[in-house]
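A.B. asks: sharing a sequence plus its predicted fold:
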Amino acid sequence: MTRVIHTGDTHVGYQQYHSPERRADFRRAFDAVVDDAIEAGVDAVVHAGDLFHDRRPELPDLMGVLSALRRLDDAGIPFLAVVGNHEATRTGEWLDLFEGTELATRLDDTPEVVGDTAFYGLDWVPESRRDGLTYEFAGHDAEYAALVSHGLFTPFEFGEWDTGTVLSAATVEFDAMLLGDNHKPDTAEVSGTWVTYCGSTERASASEEDARGYNLVTFDDGEVDIRRRSLDTRPFAFVSVDLAEGEGIERVREQVRQHDLTDAVCIVEITGDGEPVTPAAIEEAGEEAGALLVRVTDRREIEEDAEVGISFADPDDAVTERVAEMGLSTAARDVDETVRESKVADSNVRESVKNRVTDLLDEGPAAFERADGDEARESDDTAPSDESEDGDDGEPAAEDATADPAGESDVAAESDDDKQGTMEEYL
(Lines give C-alpha, C1' and ligand atoms only; values in the text may rest on other atoms or scores of the structure.)
Protein backbone atom coordinates (compact mmCIF):
# COMPACT_ATOMS: atom_id res chain seq x y z
CA MET A 1 0.00 0.00 0.00
CA THR A 2 1.15 3.54 -0.78
CA ARG A 3 -0.56 6.55 0.76
CA VAL A 4 0.34 10.09 -0.33
CA ILE A 5 -0.89 13.64 0.03
CA HIS A 6 -1.60 15.12 -3.38
CA THR A 7 -1.40 18.91 -3.21
CA GLY A 8 -0.61 21.78 -5.54
CA ASP A 9 -1.29 25.42 -6.43
CA THR A 10 0.04 26.58 -3.08
CA HIS A 11 1.17 29.87 -4.68
CA VAL A 12 3.54 30.76 -1.88
CA GLY A 13 4.46 34.44 -2.19
CA TYR A 14 1.11 35.60 -3.51
CA GLN A 15 0.30 38.95 -1.93
CA GLN A 16 -3.39 38.86 -2.69
CA TYR A 17 -5.19 42.21 -2.53
CA HIS A 18 -1.75 43.70 -1.85
CA SER A 19 -2.10 42.47 1.72
CA PRO A 20 0.99 41.22 3.62
CA GLU A 21 -1.37 39.19 5.84
CA ARG A 22 -2.77 37.38 2.82
CA ARG A 23 0.74 36.70 1.60
CA ALA A 24 1.51 35.06 4.95
CA ASP A 25 -1.72 33.04 4.65
CA PHE A 26 -0.41 31.26 1.55
CA ARG A 27 2.75 30.23 3.41
CA ARG A 28 0.69 29.06 6.38
CA ALA A 29 -1.52 26.93 4.14
CA PHE A 30 1.53 25.11 2.76
CA ASP A 31 2.81 24.62 6.31
CA ALA A 32 -0.56 23.14 7.26
CA VAL A 33 -0.26 20.53 4.49
CA VAL A 34 3.17 19.59 5.79
CA ASP A 35 1.80 19.38 9.36
CA ASP A 36 -0.95 17.00 8.21
CA ALA A 37 1.53 14.88 6.25
CA ILE A 38 3.77 14.43 9.29
CA GLU A 39 0.86 13.75 11.64
CA ALA A 40 -0.68 11.18 9.27
CA GLY A 41 2.69 9.58 8.48
CA VAL A 42 2.04 9.46 4.74
CA ASP A 43 4.56 7.87 2.39
CA ALA A 44 5.12 11.07 0.38
CA VAL A 45 3.84 14.55 -0.40
CA VAL A 46 3.20 14.93 -4.13
CA HIS A 47 3.01 18.53 -5.38
CA ALA A 48 1.38 19.15 -8.76
CA GLY A 49 2.96 22.50 -9.56
CA ASP A 50 2.80 26.22 -8.73
CA LEU A 51 4.56 25.82 -5.42
CA PHE A 52 5.44 29.51 -5.76
CA HIS A 53 3.21 32.17 -7.19
CA ASP A 54 5.79 33.52 -9.63
CA ARG A 55 9.24 32.99 -11.07
CA ARG A 56 10.95 35.35 -8.64
CA PRO A 57 10.01 34.32 -5.11
CA GLU A 58 11.38 36.55 -2.40
CA LEU A 59 13.61 35.49 0.45
CA PRO A 60 10.95 35.14 3.20
CA ASP A 61 8.89 32.85 0.95
CA LEU A 62 11.92 30.79 -0.04
CA MET A 63 12.98 30.38 3.55
CA GLY A 64 9.46 29.42 4.57
CA VAL A 65 9.30 26.67 1.95
CA LEU A 66 12.79 25.46 2.85
CA SER A 67 11.80 25.20 6.50
CA ALA A 68 8.72 23.16 5.61
CA LEU A 69 10.71 20.84 3.33
CA ARG A 70 13.28 20.29 6.07
CA ARG A 71 10.50 19.24 8.45
CA LEU A 72 9.29 16.72 5.89
CA ASP A 73 12.83 15.45 5.43
CA ASP A 74 13.31 15.07 9.20
CA ALA A 75 10.13 12.99 9.27
CA GLY A 76 11.40 10.79 6.43
CA ILE A 77 8.66 11.90 4.03
CA PRO A 78 9.83 12.58 0.45
CA PHE A 79 8.58 15.64 -1.41
CA LEU A 80 7.90 14.87 -5.09
CA ALA A 81 6.95 17.70 -7.43
CA VAL A 82 6.61 19.10 -10.94
CA VAL A 83 6.96 22.68 -12.22
CA GLY A 84 3.84 24.77 -12.84
CA ASN A 85 3.21 27.68 -15.19
CA HIS A 86 3.55 30.37 -12.53
CA GLU A 87 7.09 29.37 -11.56
CA ALA A 88 8.47 28.04 -14.88
CA THR A 89 11.61 29.74 -16.22
CA ARG A 90 13.78 29.25 -19.27
CA THR A 91 16.65 27.89 -17.19
CA GLY A 92 17.12 26.88 -13.58
CA GLU A 93 14.01 25.99 -11.60
CA TRP A 94 13.80 26.47 -7.85
CA LEU A 95 12.71 22.86 -7.66
CA ASP A 96 16.08 21.80 -9.09
CA LEU A 97 17.86 23.64 -6.30
CA PHE A 98 15.68 22.01 -3.67
CA GLU A 99 16.52 18.69 -5.27
CA GLY A 100 20.22 19.60 -5.07
CA THR A 101 19.86 19.97 -1.31
CA GLU A 102 18.11 16.55 -1.21
CA LEU A 103 14.92 18.12 0.10
CA ALA A 104 12.84 17.40 -3.00
CA THR A 105 12.62 15.23 -6.09
CA ARG A 106 11.67 16.73 -9.44
CA LEU A 107 9.54 14.13 -11.17
CA ASP A 108 10.17 13.41 -14.84
CA ASP A 109 9.95 10.57 -17.37
CA THR A 110 11.80 8.13 -15.11
CA PRO A 111 10.02 6.43 -12.21
CA GLU A 112 10.40 7.54 -8.60
CA VAL A 113 9.16 4.53 -6.65
CA VAL A 114 7.57 5.08 -3.24
CA GLY A 115 6.21 1.95 -1.60
CA ASP A 116 4.60 -0.01 -4.41
CA THR A 117 3.85 3.00 -6.64
CA ALA A 118 5.97 4.55 -9.41
CA PHE A 119 5.53 8.31 -9.77
CA TYR A 120 6.29 10.19 -13.00
CA GLY A 121 6.21 13.89 -13.79
CA LEU A 122 5.13 16.08 -16.68
CA ASP A 123 5.85 19.78 -16.10
CA TRP A 124 3.57 22.45 -17.46
CA VAL A 125 4.12 22.83 -21.20
CA PRO A 126 2.83 25.82 -23.24
CA GLU A 127 0.02 24.79 -25.56
CA SER A 128 2.11 25.87 -28.56
CA ARG A 129 4.71 23.19 -27.75
CA ARG A 130 2.51 20.22 -26.90
CA ASP A 131 2.28 18.82 -30.42
CA GLY A 132 5.92 17.77 -30.12
CA LEU A 133 5.42 15.75 -26.92
CA THR A 134 5.89 11.98 -27.25
CA TYR A 135 4.84 10.91 -23.73
CA GLU A 136 7.64 8.38 -23.54
CA PHE A 137 8.28 7.15 -20.00
CA ALA A 138 10.80 4.62 -18.73
CA GLY A 139 9.41 1.31 -17.51
CA HIS A 140 8.94 0.27 -13.88
CA ASP A 141 8.40 -2.85 -11.75
CA ALA A 142 6.01 -1.29 -9.23
CA GLU A 143 2.44 -2.44 -8.74
CA TYR A 144 0.97 0.98 -9.53
CA ALA A 145 1.94 4.03 -11.59
CA ALA A 146 0.85 7.67 -11.30
CA LEU A 147 1.53 10.66 -13.55
CA VAL A 148 1.82 14.05 -11.83
CA SER A 149 1.28 17.05 -14.10
CA HIS A 150 0.26 20.70 -14.25
CA GLY A 151 -2.16 21.99 -16.86
CA LEU A 152 -5.82 22.37 -17.78
CA PHE A 153 -6.81 18.86 -18.76
CA THR A 154 -10.07 17.53 -20.15
CA PRO A 155 -12.76 16.64 -19.17
CA PHE A 156 -12.60 19.34 -16.53
CA GLU A 157 -13.61 22.99 -16.75
CA PHE A 158 -11.38 25.06 -19.05
CA GLY A 159 -9.70 21.84 -20.22
CA GLU A 160 -7.64 22.18 -23.41
CA TRP A 161 -5.00 19.47 -22.85
CA ASP A 162 -6.57 16.20 -23.95
CA THR A 163 -6.25 13.58 -21.21
CA GLY A 164 -7.21 10.74 -23.54
CA THR A 165 -4.34 11.61 -25.87
CA VAL A 166 -1.84 11.61 -23.01
CA LEU A 167 -3.02 8.26 -21.67
CA SER A 168 -3.17 6.55 -25.07
CA ALA A 169 0.23 7.85 -26.21
CA ALA A 170 2.02 7.19 -22.92
CA THR A 171 4.42 4.24 -22.90
CA VAL A 172 3.41 3.49 -19.30
CA GLU A 173 -0.07 2.48 -18.18
CA PHE A 174 -1.09 4.88 -15.43
CA ASP A 175 -3.50 4.06 -12.64
CA ALA A 176 -3.93 7.75 -11.77
CA MET A 177 -3.14 11.27 -12.95
CA LEU A 178 -2.58 13.70 -10.07
CA LEU A 179 -3.05 17.19 -11.46
CA GLY A 180 -2.58 20.86 -10.62
CA ASP A 181 -3.48 24.20 -12.24
CA ASN A 182 -7.26 24.15 -11.91
CA HIS A 183 -8.02 25.45 -8.43
CA LYS A 184 -11.31 23.60 -8.28
CA PRO A 185 -10.94 20.07 -6.86
CA ASP A 186 -12.54 17.42 -9.04
CA THR A 187 -12.17 13.78 -10.04
CA ALA A 188 -13.13 11.81 -13.15
CA GLU A 189 -12.34 8.47 -14.75
CA VAL A 190 -10.83 8.55 -18.24
CA SER A 191 -10.12 5.31 -20.11
CA GLY A 192 -9.97 3.36 -16.86
CA THR A 193 -7.60 5.84 -15.18
CA TRP A 194 -8.53 8.05 -12.25
CA VAL A 195 -7.79 11.71 -13.03
CA THR A 196 -7.99 14.21 -10.19
CA TYR A 197 -7.35 17.84 -9.30
CA CYS A 198 -6.48 18.59 -5.68
CA GLY A 199 -7.47 22.24 -5.87
CA SER A 200 -5.57 25.14 -4.31
CA THR A 201 -4.61 25.38 -0.65
CA GLU A 202 -5.74 29.00 -0.28
CA ARG A 203 -8.40 31.08 -2.03
CA ALA A 204 -6.55 32.77 -4.84
CA SER A 205 -9.80 34.12 -6.27
CA ALA A 206 -13.11 35.38 -4.97
CA SER A 207 -14.72 32.68 -7.12
CA GLU A 208 -13.16 29.98 -4.93
CA GLU A 209 -15.87 29.92 -2.28
CA ASP A 210 -15.58 26.27 -1.25
CA ALA A 211 -13.17 25.20 1.49
CA ARG A 212 -9.56 24.75 0.38
CA GLY A 213 -7.62 21.54 0.86
CA TYR A 214 -5.81 18.62 -0.74
CA ASN A 215 -6.29 14.97 -1.71
CA LEU A 216 -5.29 11.91 0.28
CA VAL A 217 -4.59 9.22 -2.32
CA THR A 218 -4.15 5.54 -1.45
CA PHE A 219 -2.93 2.83 -3.84
CA ASP A 220 -3.96 -0.52 -2.37
CA ASP A 221 -5.60 -3.83 -3.22
CA GLY A 222 -5.69 -3.04 -6.94
CA GLU A 223 -7.61 0.19 -6.36
CA VAL A 224 -6.94 3.92 -6.21
CA ASP A 225 -8.80 5.65 -3.38
CA ILE A 226 -9.03 9.47 -3.53
CA ARG A 227 -10.36 11.36 -0.53
CA ARG A 228 -10.70 15.08 0.05
CA ARG A 229 -9.21 16.76 3.13
CA SER A 230 -10.00 20.36 4.07
CA LEU A 231 -7.63 22.96 5.50
CA ASP A 232 -8.43 25.55 8.16
CA THR A 233 -7.59 28.65 6.16
CA ARG A 234 -8.41 32.37 6.41
CA PRO A 235 -12.22 32.74 6.55
CA PHE A 236 -13.93 34.43 3.63
CA ALA A 237 -17.37 36.00 4.02
CA PHE A 238 -19.36 36.26 0.80
CA VAL A 239 -22.11 38.87 1.07
CA SER A 240 -24.63 39.20 -1.77
CA VAL A 241 -27.01 42.17 -1.59
CA ASP A 242 -29.88 42.66 -4.03
CA LEU A 243 -31.02 46.25 -3.57
CA ALA A 244 -34.67 47.08 -4.14
CA GLU A 245 -35.68 50.48 -5.45
CA GLY A 246 -34.99 53.11 -2.82
CA GLU A 247 -32.51 50.97 -0.87
CA GLY A 248 -28.88 51.96 -0.60
CA ILE A 249 -25.84 51.99 1.64
CA GLU A 250 -27.69 51.31 4.91
CA ARG A 251 -29.18 48.12 3.46
CA VAL A 252 -25.70 46.97 2.37
CA ARG A 253 -24.17 47.81 5.74
CA GLU A 254 -26.95 45.89 7.48
CA GLN A 255 -26.25 42.78 5.40
CA VAL A 256 -22.50 43.05 6.00
CA ARG A 257 -23.00 43.25 9.79
CA GLN A 258 -25.00 40.00 9.79
CA HIS A 259 -21.81 38.01 9.05
CA ASP A 260 -19.02 37.07 11.40
CA LEU A 261 -16.21 39.09 9.89
CA THR A 262 -13.55 38.62 12.56
CA ASP A 263 -10.20 38.45 10.70
CA ALA A 264 -12.08 37.54 7.51
CA VAL A 265 -11.78 38.64 3.92
CA CYS A 266 -15.20 40.06 3.10
CA ILE A 267 -16.36 39.91 -0.52
CA VAL A 268 -19.44 42.03 -1.18
CA GLU A 269 -21.44 41.76 -4.41
CA ILE A 270 -24.23 44.23 -5.12
CA THR A 271 -27.07 43.76 -7.61
CA GLY A 272 -30.57 45.18 -8.04
CA ASP A 273 -32.14 48.57 -8.70
CA GLY A 274 -31.27 50.52 -5.58
CA GLU A 275 -29.38 53.73 -5.07
CA PRO A 276 -25.68 54.17 -5.89
CA VAL A 277 -23.38 53.13 -3.07
CA THR A 278 -19.83 54.12 -2.24
CA PRO A 279 -17.43 51.16 -1.80
CA ALA A 280 -15.48 53.10 0.86
CA ALA A 281 -18.53 53.22 3.12
CA ILE A 282 -19.01 49.46 2.81
CA GLU A 283 -15.34 48.82 3.47
CA GLU A 284 -15.56 50.96 6.59
CA ALA A 285 -18.51 48.92 7.87
CA GLY A 286 -16.66 45.66 7.31
CA GLU A 287 -13.51 46.86 8.99
CA GLU A 288 -15.53 48.08 11.99
CA ALA A 289 -16.87 44.52 12.26
CA GLY A 290 -13.33 43.13 12.43
CA ALA A 291 -12.69 42.17 8.79
CA LEU A 292 -9.10 41.88 7.61
CA LEU A 293 -10.13 43.60 4.39
CA VAL A 294 -13.22 44.21 2.29
CA ARG A 295 -13.64 44.04 -1.48
CA VAL A 296 -16.78 45.39 -3.18
CA THR A 297 -18.10 44.59 -6.64
CA ASP A 298 -21.17 46.49 -7.81
CA ARG A 299 -22.57 44.37 -10.63
CA ARG A 300 -24.90 47.20 -11.61
CA GLU A 301 -21.91 49.15 -12.89
CA ILE A 302 -21.10 46.29 -15.23
CA GLU A 303 -24.67 46.14 -16.53
CA GLU A 304 -24.72 49.87 -17.15
CA ASP A 305 -21.71 49.60 -19.44
CA ALA A 306 -22.23 46.29 -21.20
CA GLU A 307 -19.85 47.17 -24.02
CA VAL A 308 -16.86 47.46 -21.70
CA GLY A 309 -18.12 45.18 -18.95
CA ILE A 310 -15.79 46.43 -16.23
CA SER A 311 -16.35 47.21 -12.56
CA PHE A 312 -13.81 49.69 -11.29
CA ALA A 313 -14.50 48.67 -7.71
CA ASP A 314 -11.72 46.16 -8.32
CA PRO A 315 -9.50 47.64 -11.07
CA ASP A 316 -6.84 44.91 -11.13
CA ASP A 317 -9.48 42.25 -11.63
CA ALA A 318 -11.24 44.39 -14.21
CA VAL A 319 -8.09 44.74 -16.29
CA THR A 320 -7.40 41.00 -15.97
CA GLU A 321 -10.86 40.10 -17.25
CA ARG A 322 -10.60 42.53 -20.12
CA VAL A 323 -7.18 41.23 -21.17
CA ALA A 324 -8.52 37.65 -21.09
CA GLU A 325 -11.21 38.62 -23.62
CA MET A 326 -8.79 40.16 -26.12
CA GLY A 327 -7.40 36.93 -27.58
CA LEU A 328 -3.82 38.04 -27.11
CA SER A 329 -0.89 35.76 -27.88
CA THR A 330 1.09 34.05 -25.15
CA ALA A 331 3.85 36.60 -25.70
CA ALA A 332 1.51 39.59 -25.44
CA ARG A 333 -0.10 38.32 -22.24
CA ASP A 334 3.30 37.64 -20.67
CA VAL A 335 4.50 41.14 -21.53
CA ASP A 336 1.26 42.63 -20.19
CA GLU A 337 1.76 40.75 -16.93
CA THR A 338 5.36 41.89 -16.62
CA VAL A 339 4.51 45.54 -17.26
CA ARG A 340 1.71 45.59 -14.69
CA GLU A 341 3.36 43.39 -12.07
CA SER A 342 3.63 45.38 -8.86
CA LYS A 343 7.00 43.95 -7.85
CA VAL A 344 8.79 45.28 -10.94
CA ALA A 345 10.13 48.78 -10.39
CA ASP A 346 9.30 51.25 -13.17
CA SER A 347 13.00 51.66 -13.97
CA ASN A 348 13.32 47.92 -14.54
CA VAL A 349 10.28 47.28 -16.72
CA ARG A 350 12.16 47.66 -20.01
CA GLU A 351 14.81 45.08 -19.03
CA SER A 352 12.19 42.72 -17.58
CA VAL A 353 10.18 42.78 -20.81
CA LYS A 354 13.35 42.15 -22.82
CA ASN A 355 14.13 39.08 -20.70
CA ARG A 356 10.59 37.71 -21.05
CA VAL A 357 10.56 38.17 -24.84
CA THR A 358 13.95 36.41 -25.06
CA ASP A 359 12.46 33.47 -23.17
CA LEU A 360 9.43 33.39 -25.46
CA LEU A 361 11.57 33.44 -28.61
CA ASP A 362 13.00 30.11 -27.49
CA GLU A 363 9.48 28.67 -27.59
CA GLY A 364 9.10 29.47 -31.29
CA PRO A 365 6.73 31.59 -33.42
CA ALA A 366 3.59 30.01 -31.96
CA ALA A 367 4.03 32.03 -28.78
CA PHE A 368 3.44 35.20 -30.82
CA GLU A 369 0.31 34.01 -32.61
CA ARG A 370 -2.98 35.55 -31.60
CA ALA A 371 -5.18 33.31 -29.46
CA ASP A 372 -8.94 33.29 -29.86
CA GLY A 373 -11.76 32.93 -27.40
CA ASP A 374 -11.19 30.41 -24.64
CA GLU A 375 -7.68 29.75 -25.88
CA ALA A 376 -6.70 33.13 -24.46
CA ARG A 377 -7.42 31.79 -21.00
CA GLU A 378 -4.04 30.17 -20.71
CA SER A 379 -3.25 27.92 -17.80
CA ASP A 380 -2.28 30.94 -15.80
CA ASP A 381 -5.81 32.14 -15.99
CA THR A 382 -7.74 29.16 -15.05
CA ALA A 383 -5.85 28.93 -12.02
CA PRO A 384 -5.75 32.18 -10.22
CA SER A 385 -4.55 34.98 -12.31
CA ASP A 386 -1.08 36.25 -11.90
CA GLU A 387 -2.06 39.66 -10.96
CA SER A 388 -5.73 40.23 -10.64
CA GLU A 389 -7.32 41.03 -7.35
CA ASP A 390 -9.23 37.82 -7.39
CA GLY A 391 -6.58 35.40 -8.11
CA ASP A 392 -4.53 31.85 -10.03
CA ASP A 393 -7.30 29.47 -11.23
CA GLY A 394 -9.46 31.49 -11.36
CA GLU A 395 -7.55 33.58 -13.61
CA PRO A 396 -4.14 34.81 -12.92
CA ALA A 397 -3.27 37.66 -15.05
CA ALA A 398 -1.46 40.49 -13.72
CA GLU A 399 -1.45 40.61 -10.09
CA ASP A 400 -3.75 38.08 -8.61
CA ALA A 401 -3.16 34.48 -8.50
CA THR A 402 -6.92 34.12 -9.79
CA ALA A 403 -3.96 35.99 -8.87
CA ASP A 404 -3.10 38.97 -7.11
CA PRO A 405 0.47 38.42 -6.94
CA ALA A 406 2.53 40.90 -5.35
CA GLY A 407 5.95 41.34 -4.07
CA GLU A 408 8.27 44.20 -4.13
CA SER A 409 11.63 43.46 -5.57
CA ASP A 410 13.86 44.43 -8.42
CA VAL A 411 14.91 40.86 -9.01
CA ALA A 412 12.88 40.84 -12.22
CA ALA A 413 15.52 42.89 -13.95
CA GLU A 414 18.26 40.37 -13.39
CA SER A 415 19.47 38.07 -16.12
CA ASP A 416 18.97 34.31 -15.78
CA ASP A 417 22.61 33.90 -14.80
CA ASP A 418 22.21 36.54 -12.11
CA LYS A 419 19.07 34.84 -10.90
CA GLN A 420 20.83 31.50 -10.60
CA GLY A 421 23.48 33.10 -8.44
CA THR A 422 20.82 34.64 -6.26
CA MET A 423 19.11 31.27 -5.87
CA GLU A 424 22.28 29.69 -4.64
CA GLU A 425 22.83 32.52 -2.18
CA TYR A 426 19.33 32.02 -0.81
CA LEU A 427 19.99 28.34 -0.24
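C.D. replies: Ah, there it is.
A.B. asks: thought Asn85 was touching Trp124?
C.D. replies: Yes: here Asn85 lies in contact with Trp124, judged by CB atoms under 8 Å, at a distance of 4.4 Å. From N, CA and C alone the C-beta is placed, and that goes for glycine too.
A.B. asks: neighbour count: those two, which is higher?
C.D. replies: The neighbour comparison of Asn85 against Trp124 (other CB atoms under 10 Å) goes to Asn85, with 26 against 23.
A.B. asks: how near is that one to Tyr214?
C.D. replies: 19 Å (CB to CB, to the nearest Å).
A.B. asks: where along the stretch 1-150 of the chain do the helices fall?
C.D. replies: Shown for the stretch 1-150 of the chain, the helices assigned by DSSP state H, counting those that start in this stretch span residues 20-40, 59-74, 94-100.
A.B. asks: how far off centre is the second one?
C.D. replies: Computed by CA atoms, centre = their mean, to the nearest Å, the chain-centroid distance of helix 59-74 equals 19 Å.
A.B. asks: so the chain: which segments form each domain?
C.D. replies: 2-230, 236-318, 320-426 (automatic domain parsing).
A.B. asks: and those domains as TSV, adding mean pLDDT?
C.D. replies: Listed next are those as TSV, based on pLDDT from 0 to 100:
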stretch	mean pLDDT
domain 2-230	96
domain 236-318	85
domain 320-426	49
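A.B. asks: which residue ranges of the stretch 51-200 of the chain form strands?
C.D. replies: Counting by DSSP state E, counting those that start in this stretch, the stretch 51-200 of the chain has strands at residues 79-81, 105-106, 112-114, 117-122, 144-150, 176-180, 186-190, 193-197.
A.B. asks: deepest of those strands, which one?
C.D. replies: Mean neighbour count, computed with mean count of other CB atoms under 10 Å, is highest for strand 176-180 among those, reaching a mean of 28.
A.B. asks: can you list the strands that that strand pairs with?
C.D. replies: Note on strand 176-180: by DSSP bridges, its sheet partners are strand 144-150 (parallel), strand 193-197 (parallel).
A.B. asks: could you tell me the angle between the first one and strand 117-122?
C.D. replies: What separates the directions of strand 144-150 and strand 117-122 is an angle of 30 degrees, with axes from the mean of the first three to the mean of the last three CA atoms, to 10 degrees.
A.B. asks: surely Ala75 meets Ile38?
C.D. replies: Yes: if you go by CB under 8 Å, Ala75 and Ile38 touch, sitting 4.6 Å apart.
A.B. asks: settle it for me: which of those two has more neighbours?
C.D. replies: Ile38 (16 against 13).
A.B. asks: for Thr271, what are phi and psi?
C.D. replies: Dihedral pair for Thr271: phi -130, psi 180, per degrees, to the nearest 10.
A.B. asks: what's the burial count for it?
C.D. replies: For Thr271, the neighbour count with other CB under 10 Å is 15.
A.B. asks: tell me the contacts of it?
C.D. replies: Thr271 makes contacts with 240-243, 299-300, as judged by CB atoms under 8 Å, 6 or more residues apart in numbering.
A.B. asks: could you dump those into TSV and include secondary structure?
C.D. replies: Putting those into TSV (DSSP: H, G, I helix; E, B strand; the rest coil) gives the following:
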residue	secondary structure
Ser240	strand
Val241	strand
Asp242	strand
Leu243	strand
Arg299	helix
Arg300	helix
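A.B. asks: got phi/psi on the residue of the chain positioned farthest from its centre?
C.D. replies: Distance from the C-alpha centroid of the chain, by CA atoms, centre = their mean, peaks at Gly246 (41.2 Å). Comment: the main-chain dihedrals of Gly246 come out as phi 90, psi -20, following degrees, to the nearest 10.
A.B. asks: can you put the strands paired with strand 176-180 in a markdown table and add distance to Thr7?
C.D. replies: Listed next are those as a markdown table, based on distance: least, CB to CB, whole Å:
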| stretch | distance to Thr7 |
| --- | --- |
| strand 144-150 | 11 |
| strand 193-197 | 11 |
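A.B. asks: Ala29 is nearest to which of these?
C.D. replies: For Ala29, the closest of the strands paired with strand 176-180 is strand 193-197, at 16.4 Å, according to CB to CB.
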